[in-house]
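Participant: Mind looking at a prediction? Sequence and model below.
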Amino acid sequence: MSNLTAETSSNAFYQARCAASAHNEQLRSREGAADIMSIDRGRLYRIEKGVINPYPEEVHLMADLYNAPELRNFYCTGMCPLGCEVSKASVEDLDRITIRVVSAFRRLDGTKELLLDITEDGVVSDDERQDMRRVLESLEELEGIAQSLKIWVKKNL
């Protein structure tokens, strides 16, 4: 593929197109991918180079065409100003995700008890704020694992 630079080769959108080209020969070139998605090939070049951010609609097109649902999470967590609070997901094998789920569920009992202790009186006192932050961290970890599992299911089923 032409115009390959360090910025391009490390770009998630470029990498997803390259991976998808193993199953669709038309995706071996930007021109072919741009034609399928009906976007300007220069725009696709600038997206893959990291010069511009894609529009959400383009991310959906690429995610579907490349069978790369992880692009949606990548965009939402790193490019969209509204999605900065979304948990980052990683593309992992199912066995790794399962181990993370079981491990997180094991720790969840302690988190549940901590949350009950904090909220028992209906007030989060100053000395309970640190514990509440730990509860929030546990929930964010679960959210990230759930996102990874969703990506795996969408990619493989």
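Facilitator: Received the coordinates, thanks. Residues are numbered from 1 along each chain as shown.
Participant: longest helix in the protein, by residue count?
Facilitator: The longest helix of the chain (DSSP state H) is helix 129-156.
Participant: tell me which strands and helices it is in contact with?
Facilitator: Identification of packing neighbours for helix 129-156 by 3 or more CB pairs under 8 Å, 6 or more residues apart in numbering; DSSP states H and E yields helix 70-78, helix 94-119. C-beta coordinates here come from the backbone N, C-alpha and C atoms, glycine included.
Participant: Mean pLDDT for those - can I get that in TSV?
Facilitator: Below are these laid out as TSV (pLDDT from 0 to 100):
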stretch	mean pLDDT
helix 70-78	93
helix 94-119	93
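Participant: Which one of these lies nearest to S125?
Facilitator: Of all the helices and strands packed on helix 129-156, helix 94-119 sits nearest to S125, with 8.4 Å by CB to CB.
Participant: Next, the angle helix 129-156 makes with that closest one.
Facilitator: Helix 94-119 and helix 129-156 are oriented at 150 degrees to each other (axes from the mean of the first three to the mean of the last three CA atoms, to 10 degrees).
Participant: Show me which parts of helix 94-119 are buried, residue by residue.
Facilitator: Across helix 94-119, burial judged by 16 or more other CB atoms under 10 Å covers I97, R100, A104, T111, L114, L115, I118.
Participant: residues touching the spatially closest residue to the fifth one that is not a sequence neighbour, list them.
Facilitator: The reference is to L114. Nearest residue to L114 in three dimensions, chain neighbours excluded: D131, at 5.4 Å (CB to CB, 6 or more residues apart in numbering). By CB atoms under 8 Å, 6 or more residues apart in numbering, the contact list for D131 reads L114, D117, I118.
Participant: distance of D131 from I118?
Facilitator: According to CB to CB, to the nearest Å, D131 stands 6 Å off from I118.
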